[in-house]
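Q: fold the following, please.
(2 chains, ligands or ions: 2)
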Amino acid sequence: MNIITCIKQVPGSSKVDVDPKTGVLIRDGSNVKMNPYDLYALETAYLIKEKYADTIVKTITMGPASAKKVLEESLYMGSDEAYLLSDRAFAGADVLATSYSISQMIRKLHPYDLIICGKQTTDGDTAQVGPEIAEFLGIPHVAYVTKIEEVQEDGILVRTSMEDHEEQLKISFPCLITVDKGTLVPRLPSFHRKQRFTGYSIQTFSLKDLEDKDPSHYGLEGSPTQVEEIFPPNKKRDSISIKGDKKTITNSLFEILKEKKYI
Amino acid sequence: MSYIKVNQELVTKEVAEKLIKLCPFQAFEYNDSILSIHSGCRICKICVNKGPIGVCEFIESKQQILDKTKYKGIAVYIQQQDGVAHPVAWELIGKAKELARITNEKVIVLVIGHSLDRIAEEALEYGVDQVFLYDDPNYQAFDLERYTNVVEEFFQKHKVNIILFGGTLQGRSFAPRIAARLQTGLTADCTMLDLKENNDLLQIRPAFGGNIMAKIHTPNHRPQMATIRYKMFSAPSKVKPFGIITKEPTDSISKDSHVHVLSLEQKPKGKDISEAEVIIAVGRAFKKEKDLELIQPLMKSLNAEVACTRPLVENGWMDPRRQIGLSGRTVKPKLIINLGISGSIQFIEGMKESELIISVNNDPDNKLFAISDYAIHGDIYEVLPELNKLIQQVWSQRTV
Ligand SMILES: Cc1cc2nc3c(=O)[nH]c(=O)nc-3n(C[C@H](O)[C@H](O)[C@H](O)COP(=O)(O)OP(=O)(O)OC[C@H]3O[C@@H](n4cnc5c(N)ncnc54)[C@H](O)[C@@H]3O)c2cc1C
Ligand SMILES: Nc1ncnc2c1ncn2[C@@H]1O[C@H](COP(=O)(O)O)[C@@H](O)[C@H]1O
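A: Ligands and ions are numbered 1, 2, ... in the order given. You can find the predicted model right below:
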């Protein structure tokens, strides 16, 4: 069985601010990490691999050359192969262009039975990339999978968790799932595997390696949505400040609650 | 291809360092005196507008221009299960009606399912112009592939300008499928929507994971699509129906499906914070899980529900259903008391419509203070025990 997992490198901290004077984005970019939900995507793949012999797990990411780091991490955790998709032509890609680029990359890794994505990223936070990849590949998808119950000849049985109910579903291969945390505990990279992969070079794909080489389908130009403007959130409400020692402020709080008839 | 060109003759080591620092996406690389931009670039143009003059230049390629007059109407997709609409649909109709007034558009409702005449009539009561009903026994239960085929058919036939979806778990899985099928944009979890005179939808949401809002538009593609979370907007009041219901044929739409539901179990009903009237929201100021006990007396005397920020869910201290915010629930209680919460934009977007907001924080620059009615400058570990004493006094007076 061939599994492809999609992972992304995301900022390690969510400290981003706008300089109120210049309107410039300030982001502490020094630390990056693997998108936490993608750890569950990987763990799901590794659990299948442990149970079903002859399973190959390929891991891919689209991003800058520095994103090789998360691919290496996946190799040390349990992936068999890793591929980077990177090209200047992908700059400015929104969800549609990102998903399209990734689907083009996946076509190059044919054949596959199962594609596993994280539920969402912590930076984009759209949860849209997985379903859009599936549509571009013309395969079914199921989102918010919490458990793989069984792998069968022609498909898998999965469990999903929705707002007020859980479902058990059967999806035919080839298909894509996005996974939620469930009861999974992602494994750590192993020293043993790290040694095994010394000298492994991660293959990089760029636009010229893809089937569709038309640059207008990628990056900013292939993106229907565009950011017109960024601005700091507007704050409104005339607030009353209450300061003082702990007795004074607590009494004030208590009086407010009493006055509003909550106590 | 549109891109940012770096004029290398102006690049010095200093210029490169300045730009590397300025770029919020770490897209610059400086090697062998060449400054290049890699795929991390989001073309935010900060380097062009705020960087050293002339170094970075935005090169725009000409695109085919779309004839926007061909697309008309604001459509709302009604998510339903067993003939009951998810209430987010009515909220979207409320917003769609507001937008429609700006450019005199029609509000259109799309219903997919089986035996849904009642939902169609209910939609009319909210004052929409037109309901398109795709009724077929094959649509009894939600099926991603079949329903996607229906929306595609609906769009090809009616050429609507906008389609809005509820940001429920189902909506967040369904809408992107459609966006990819129709090769158009989709903005997730918008917190505001606006319409320009030329019928371009402005999709506003927090962006880049930080304390920033972004105005996103879809200048050259139709339909324009967005998902919006439950409780973000308000349902309109009911009116005397004036719209029309049209049953659409479904015979020629493919019913292929590769996903089969084997079983469905209801989860035990937890109290939903979206409906709570009084909420006490706790943040990372609480150092240990056990410290949360400090809020018990207050909860009891206010008859409040407890809610929290995302880190507390990540710690495993609270059920995800108690998280407020963009990736949690939107709440609009009569009273919310925030205890030790920094007020990230993702949190604020989930509670800013609350009627009375009180925040306790020991940081004078706390972001929540500006949107609070009462900003209490204090330490929760001092205020809560003190408050509990006062509450105890009230209780003991009552029993006397
Ligand atoms: C894409 C994305 C989506 C997100 N979605 C959500 C979401 O839906 N909901 C959400 O909550 N977060 C969300 N987050 C996370 C969010 O950005 C913040 O990290 C989070 O809300 C911070 O939680 P906090 O305020 O509890 O913690 P902190 O930011 O650590 O703030 C703690 C606060 O407590 C105060 N404090 C500390 N000690 C005391 C004391 N003794 N007495 C009084 N005050 C004290 C501090 O001054 C500070 O203001 C999201 C992030 C991203 C990137
Ligand atoms: N640049 C990327 N490279 C590889 N996979 C990605 C990328 N962006 C998103 N994904 C996958 O899509 C999921 C959802 O991402 P998002 O739509 O950004 O919330 C992630 O958990 C990943 O599995």
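Q: confidence score at the nearest residue to residue B:265 once chain neighbours are set aside?
A: Among residues not flanking residue B:265 along the chain, residue A:166 sits closest, at 5.0 Å (Cβ to Cβ, 6 or more residues apart in numbering or on different chains). Quick note: C-beta positions are derived from backbone N, CA and C, even for glycine. For residue A:166, the pLDDT comes out at 94.
Q: element containing residue A:166, please.
A: Element membership for residue A:166 (DSSP states H and E) is strand A:165-172.
Q: can you dump the C-alpha coordinates of that strand into PDB?
A: C-alpha atoms of strand A:165-172 as PDB (Å, rounded to 0.1, in the frame of the first residue of the first chain):
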ATOM      1  CA  HIS A 165     -22.100  13.000  16.500                       C
ATOM      2  CA  GLU A 166     -19.500  10.400  15.500                       C
ATOM      3  CA  GLU A 167     -19.600   8.500  12.200                       C
ATOM      4  CA  GLN A 168     -18.100   5.300  11.000                       C
ATOM      5  CA  LEU A 169     -17.500   5.500   7.200                       C
ATOM      6  CA  LYS A 170     -16.100   3.400   4.500                       C
ATOM      7  CA  ILE A 171     -14.100   5.200   1.800                       C
ATOM      8  CA  SER A 172     -12.800   3.400  -1.400                       C
END
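Q: buried ones in it, by neighbour count?
A: For strand A:165-172, burial by neighbour count (16 or more other Cβ atoms under 10 Å in any protein chain shown) applies to A:166, A:167, A:168, A:169, A:170, A:171, A:172.
Q: could you check how far the residue nearest to residue B:265 is from residue A:113?
A: Here residue A:166 is placed at a distance of 24 Å from residue A:113 (Cβ to Cβ, to the nearest Å).
Q: what is the neighbour count of residue B:265?
A: When neighbours are counted by other Cβ atoms under 10 Å in any protein chain shown, residue B:265 registers 10.
Q: which phi and psi does it have?
A: phi -120, psi 130 (degrees, to the nearest 10).
Q: show me what contacts it?
A: Contacts here follow Cβ atoms under 8 Å, 6 or more residues apart in numbering or on different chains; on that basis residue B:265 touches A:165, A:166, A:167.
Q: now swap in residue A:167 and tell me
A: Here residue A:167 is in contact with A:159, A:160, B:261, B:262, B:263, B:264, B:265 (Cβ under 8 Å, 6+ apart).
Q: can I get the host helix or strand of the first one in PDB, CA atoms only?
A: Meaning residue A:159. Using DSSP H and E, residue A:159 sits in strand A:155-161. Taking C-alpha atoms only, strand A:155-161 is exported to PDB below (Å, rounded to 0.1, in the frame of the first residue of the first chain):
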ATOM      1  CA  GLY A 155     -10.800   0.900   1.000                       C
ATOM      2  CA  ILE A 156     -10.600   1.900   4.600                       C
ATOM      3  CA  LEU A 157     -13.000   2.100   7.500                       C
ATOM      4  CA  VAL A 158     -12.600   5.300   9.500                       C
ATOM      5  CA  ARG A 159     -14.200   7.000  12.400                       C
ATOM      6  CA  THR A 160     -14.800  10.800  12.300                       C
ATOM      7  CA  SER A 161     -15.900  13.200  15.000                       C
END
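Q: from ligand 1, how far out is residue B:381?
A: 5 Å (Cβ to the nearest ligand atom, to the nearest Å).
Q: how about low-confidence regions in chain A?
A: A:13-30, A:235 (pLDDT under 70).
Q: give me the nearest residue to whatever residue of the stretch 101-250 of chain A ends up closest to ligand 2, chain neighbours excluded.
A: Distances between the stretch 101-250 of chain A and ligand 2 by Cβ to the nearest ligand atom are smallest at residue A:118, namely 2.5 Å. Setting aside the residues directly before and after it, residue A:118 is nearest to residue A:37 in space (Cβ to Cβ, 6+ apart), at 3.2 Å.
Q: any idea how far the helix or strand harbouring that neighbour is from the chain center?
A: Using DSSP H and E, residue A:37 falls within helix A:36-51. Here helix A:36-51 shows a centroid-to-chain-centroid distance of 14 Å under the convention Cα atoms, centre = their mean, to the nearest Å.
Q: likewise stretch B:218-227?
A: 16 Å.
Q: picking up where we left off before, let me know whether the helix holding residue A:37 sits next to ligand 1.
A: No: residues of helix A:36-51 contacting ligand 1 under Cβ under 6 Å from any ligand atom: none, with a closest distance of 10.9 Å.
Q: and the next helix or strand after that helix with helix A:36-51, angle?
A: Following helix A:36-51 in sequence order, the next helix or strand is strand A:56-62 (DSSP H and E). With axes from the mean of the first three to the mean of the last three Cα atoms, to 10 degrees defining the directions, strand A:56-62 sits at 160 degrees from helix A:36-51.
Q: so which residue is dead centre in chain B?
A: For chain B, residue B:189 is the residue whose C-alpha lies nearest the centre (Cα atoms, centre = their mean; 2.1 Å).
Q: pull the residues that contact stretch B:54-68.
A: In contact with stretch B:54-68 (Cβ under 8 Å, 6+ apart) are residues A:216, A:221, B:1-7, B:10-11, B:15, B:19, B:35, B:43, B:45, B:47-48, B:161, B:198-200, B:220-222.
Q: please repeat the previous calculation with a cut-off of 7 Å.
A: Stretch B:54-68 is contacted from outside by A:221, B:1-7, B:10-11, B:15, B:19, B:45, B:47-48, B:198-199, B:220-222, using Cβ atoms under 7 Å, 6 or more residues apart in numbering or on different chains.
Q: what's the answer for stretch A:129-145, then?
A: With Cβ under 7 Å, 6+ apart, stretch A:129-145 has contacts from A:95-96, A:98-100, A:102-103, A:106, A:115, A:117, A:119, A:158-162, A:169, A:171-172, A:174-180, B:145, B:169, B:173, B:176-177, B:179-181, B:258-259.
Q: perfect, that will be all.
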